[in-house]
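Peer 1: Fold the following for me, if possible:
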Amino acid sequence: MTRQQLFAAFFFAVLLYLLFQFYVIFSVFLGPLSWAALLALVFYPINERLVVLLKGRRSLVAFGLTTAVILVVIVPTIVITIVLAGESVAGYQQLRQLSESNQMPALVARLVEWFSGSRLGQLWAYLAPQMAAWNINLSTTALKLGDAISSFLVAQGTGVAKNAVRFVVNFFLTTFALFFFFRDGERLIAALRALIPMEATHKDAVFSRLYEALSAVVQGTLATAIAQGTLAGIGFWFLGVPFAVILGCATAFLSLLPGGAVLVWASAVIYLLFEAAFVRAVLLLIWGVFVVSGIDNVIRPLIIGGRTQIPTVFLFFGILGGLQAYGFLGIFLAPAIIAILVAFIRIYQEIYAVDSPPAPPSG
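Peer 2: Okay, the predicted model is just below:
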């Protein structure tokens, strides 16, 4: 081994060790830093326009925009989470009282009578013996559904109180990092680009795909949440479901998770069934399946899949896997990772993949 090779081996060994230690140090703050970076990316176009408008005063723009994000995004999210947690407890208690009053058998009998002669009635006539054979209790199932929704929302709301110190620290770290990402984000990205040993065109492709993926996921997720929350709220209000506004907000909040909106409007359908409002329950079921949940299949693929050029099936399973691996942050990280992988595959095809030569003509 030559002296130069020995130096290179030593240098890269030390560099890898330092990078590992750097990760160990900053992995504690990965959550706040990731949320700050995501928020900075979402508001990047506004940040750049304000910098031009205020003639390059980046510190002033960063301070004002950070304050605006806190007031418009972070604080309302916290308040909505706590309110939903309280309302979910009240709703679950009401559901338990209805179930314990032994109204379920009479309710099922009235439903069977109302749907008799229809295909739904025939379906129930087939399912009832099967449910009895498998010891499936409709009342218990409804309670479990209500308990699942209540437990999730309560966990999100009480988590703030139980871990108040940790929450305050993470909140401060996120806003602190957000200020510097607004102010110095462009320079940080330029420095990172300079360190990547790739051609300029390939760097542009990777960073462009990363930005498109993250911005598309954020915009698609928020647009879907707003649309589903609004449509669900309209349905709840029109059909006389109590707490229509709060349930609409809950639908928007839970729709950030795949299939989360179904938990809310399905619970409202069960409530209407307990109230013997069969027509309204069926109308809400149709509205929930075809309109509230259906809009998700239109907006999300249109915005995310169209801009990232990632097949919908990969997006769906990628988001589910991201949730499992990274928690709520995985909703945004998974499509970004898939988009970067696609960019690297295309670079590989461009540089290394060689088409096999055509077969020589026979004869």
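
Peer 1: Could I get the full set of helices for the stretch 151-300 of the chain?
Peer 2: Counting by DSSP state H, counting those that start in this stretch, the stretch 151-300 of the chain has helices at residues 164-195, 200-238, 244-254, 260-274, 278-287, 293-300.

Peer 1: Looking at those helices, which is nearest to residue 351?
Peer 2: Distance to residue 351, taken as Cβ to Cβ, is lowest for helix 200-238 among these, at 8.4 Å. (Each C-beta comes from the backbone N, C-alpha and C, glycine too.)

Peer 1: Please find the angle between the direction vectors of that closest one and helix 293-300.
Peer 2: Calculated by axes from the mean of the first three to the mean of the last three Cα atoms, to 10 degrees, helix 200-238 forms an angle of 160 degrees with helix 293-300.

Peer 1: Helix 200-238 packs against which elements?
Peer 2: With contacts taken as 3 or more Cβ pairs under 8 Å, 6 or more residues apart in numbering; DSSP states H and E, helix 200-238 sits against helix 30-42, helix 164-195, helix 244-254, helix 260-274, helix 278-287, helix 293-300, helix 306-308, helix 330-351.

Peer 1: I'd like the average pLDDT over whichever strand or helix holds residue 326.
Peer 2: Taking DSSP states H and E as the criterion, residue 326 maps to helix 312-326. Helix 312-326 comes out with an average pLDDT of 81.

Peer 1: List the contacts of that helix.
Peer 2: Residues external to helix 312-326 that are found in contact with it (Cβ atoms under 8 Å, 6 or more residues apart in numbering): 257-258, 300-301, 304-305, 308, 310, 329-335, 337-338.

Peer 1: low-scoring stretches of the chain, by residue?
Peer 2: Within the chain, the segments meeting pLDDT under 70 span 74, 77-78, 80-165, 258, 276, 353-363.

Peer 1: Please parse it into its domains.
Peer 2: As assigned by automatic domain parsing, the chain contains the domains 28-195, 196-350.

Peer 1: most packed of these?
Peer 2: Each of the domains of the chain was scored by mean neighbour count; the highest is domain 196-350, a mean of 18, by mean count of other Cβ atoms under 10 Å.

Peer 1: Start and end of that domain, how far apart?
Peer 2: This stretch, domain 196-350, spans 18 Å end to end (Cα to Cα, to the nearest Å).

Peer 1: ok, back up a step: could you dump the domains of the chain into JSON lines with distance to residue 15 added?
Peer 2: JSON lines is the format used below for those (distance: least, Cβ to Cβ, whole Å):
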{"stretch": "domain 28-195", "distance to residue 15": "11"}
{"stretch": "domain 196-350", "distance to residue 15": "13"}
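
Peer 1: Out of the ones you listed, the one nearest residue 9 is which?
Peer 2: Across the domains of the chain, residue 9 has its closest neighbour in domain 196-350 (17.7 Å, Cβ to Cβ).

Peer 1: gap between that closest one and the chain center?
Peer 2: Relative to its parent chain, domain 196-350 has a centroid offset of 6 Å by Cα atoms, centre = their mean, to the nearest Å.

Peer 1: I'd like to know which of the helices of the stretch 151-300 of the chain is closest to residue 29.
Peer 2: Here helix 164-195 is closest among the helices of the stretch 151-300 of the chain (Cβ to Cβ), at 6.0 Å.

Peer 1: between that closest one and helix 30-42, how many degrees?
Peer 2: Using the same axes, to 10 degrees: helix 164-195 against helix 30-42 is 60 degrees.

Peer 1: Does anything pack onto helix 164-195? Which helices or strands?
Peer 2: When contacts are defined as 3+ Cβ pairs under 8 Å, 6+ apart, helix 164-195 sits against helix 30-42, helix 44-53, helix 58-69, helix 200-238.

Peer 1: do that again at 6 Å, thanks
Peer 2: Contacts defined by 3 or more Cβ pairs under 6 Å, 6 or more residues apart in numbering; DSSP states H and E place helix 164-195 against helix 30-42, helix 58-69.
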